[in-house]
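Student: Sequence plus the predicted model coming up.
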Amino acid sequence: MVDCLHVPPLPAILAHLDANAPAAEARLIDWLRIPSISAQPAHAGDCLRAAGWVRDELQGMGFTAEVRPTAGHPVVVGHHPGPGGKVPHLLFYGHYDVQPADPLALWTSPPFDPVVVEGPHGPRVVARGAVDDKGQCAMWLEALRAWHAVAGGPPCAITVLIEGEEEVGSPSLDPFLAANRGELRADVAVISDTGMWDIDTPAITTSLRGMVYAQVDLKAASRDLHSGIYGGAARNPINLLSQIMGGLHDADGRCSCPASMTACGS
């Protein structure tokens, strides 16, 4: 198996990144200018533009890349075979959509007109999406660009998946993954949408807690029941709902719902 850290030497890759940092910043700013707000239908065209931007960048690095339609905003999929042979296969995941920028009055500069300001730890880009998730995606896109320029391509096989609905719950992602399971199979999935331990220390997040959406329907009496007469025999729906919600987690914050909301309230 090829050693991904030593072919070719990393110093040449890192030197290329340092020498081309201004161009990388300019590319990020171009992407940040696109108001790819997935939650607002008026920006559907902008989401398509943001996806097209990623596709074009990947194609310029030797990837085969496409913008794939979904029931919602499109997904970008790119592939690079790497050097060939038996090498690791990495899948990079990210998203090009961003949250709405409201309230605009709280911004010190227009959210889709990126500016570079001096921060407590040095210069930083201020714009919607600069840290969620276009900035993180740009980090590994530039790394792939450096491998392409210095070594002719990455030392591993690479698949890229960038969606456009993360900020609205990714409703189209599960169907897309199911329909393209074989194409997207990889040894490791790298998700660039988490945080750092501190400004100088990267963090490797190995697992995340998810979310489950549920609807709870409580059926009660068809009319008001006087609590002084019926209070002991008929459960008050508000009290019962409070009991269900209060029992979802134990005193240590662990989920105590074994199977379903119904089980919690039984």
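Tutor: Yep, it's here.
Student: beta partners of the nearest residue to R185 once chain neighbours are set aside?
Tutor: Using Cβ to Cβ, 6 or more residues apart in numbering and skipping the chain neighbours, the partner closest in space to R185 is H89 (7.8 Å). In short, each C-beta sits where N, CA and C put it, glycine included. In this entry, H89 is beta-bridged to A157, by DSSP bridges.
Student: Same check on T64?
Tutor: Bridge pairing for T64 - DSSP bridges - gives H79.
Student: How about the contacts made by the residue of the chain positioned farthest from its centre?
Tutor: Farthest-out residue of the chain from its mean C-alpha position, per Cα atoms, centre = their mean: I229, at 54.0 Å. For I229, no contacting residues are found, by Cβ atoms under 8 Å, 6 or more residues apart in numbering.
Student: how much space between it and L241?
Tutor: Distance from I229 to L241, counting by Cβ to Cβ, to the nearest Å: 22 Å.
Student: So which other helices or strands are in contact with the helix or strand containing A24?
Tutor: Assigned by DSSP states H and E, A24 belongs to helix 21-32. Helices and strands touching helix 21-32, by 3 or more Cβ pairs under 8 Å, 6 or more residues apart in numbering; DSSP states H and E, are helix 44-59, strand 122-126, helix 134-151.
Student: strand partners of the shortest one, parallel vs antiparallel please.
Tutor: Strand 122-126 has the following strand partners under DSSP bridges: strand 115-119 (antiparallel).
Student: What mean pLDDT does the strand it pairs with get?
Tutor: Average pLDDT, strand 115-119: 94.
Student: Name the helix or strand of this structure that has the lowest mean pLDDT.
Tutor: Least confident helix or strand of the chain, by mean pLDDT, DSSP states H and E, is helix 261-265 with a mean of 40.
Student: CSV for the helices and strands packed on helix 21-32, including distance to V168?
Tutor: Shown next, in CSV, are the helices and strands packed on helix 21-32 (distance: least, Cβ to Cβ, whole Å):
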stretch, distance to V168
helix 44-59, 11
strand 122-126, 24
helix 134-151, 16
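Student: could those be laid out in CSV, adding distance to V216 and mean neighbour count?
Tutor: Output for the helices and strands packed on helix 21-32, formatted as CSV (distance: least, Cβ to Cβ, whole Å; neighbours: other Cβ atoms under 10 Å):
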stretch, distance to V216, mean neighbour count
helix 44-59, 33, 20
strand 122-126, 41, 13
helix 134-151, 36, 20
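Student: okay if I get those as a markdown table plus distance to N180 and mean pLDDT?
Tutor: Below are the helices and strands packed on helix 21-32 laid out as a markdown table (distance: least, Cβ to Cβ, whole Å; pLDDT from 0 to 100):
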| stretch | distance to N180 | mean pLDDT |
| --- | --- | --- |
| helix 44-59 | 16 | 98 |
| strand 122-126 | 33 | 93 |
| helix 134-151 | 20 | 96 |
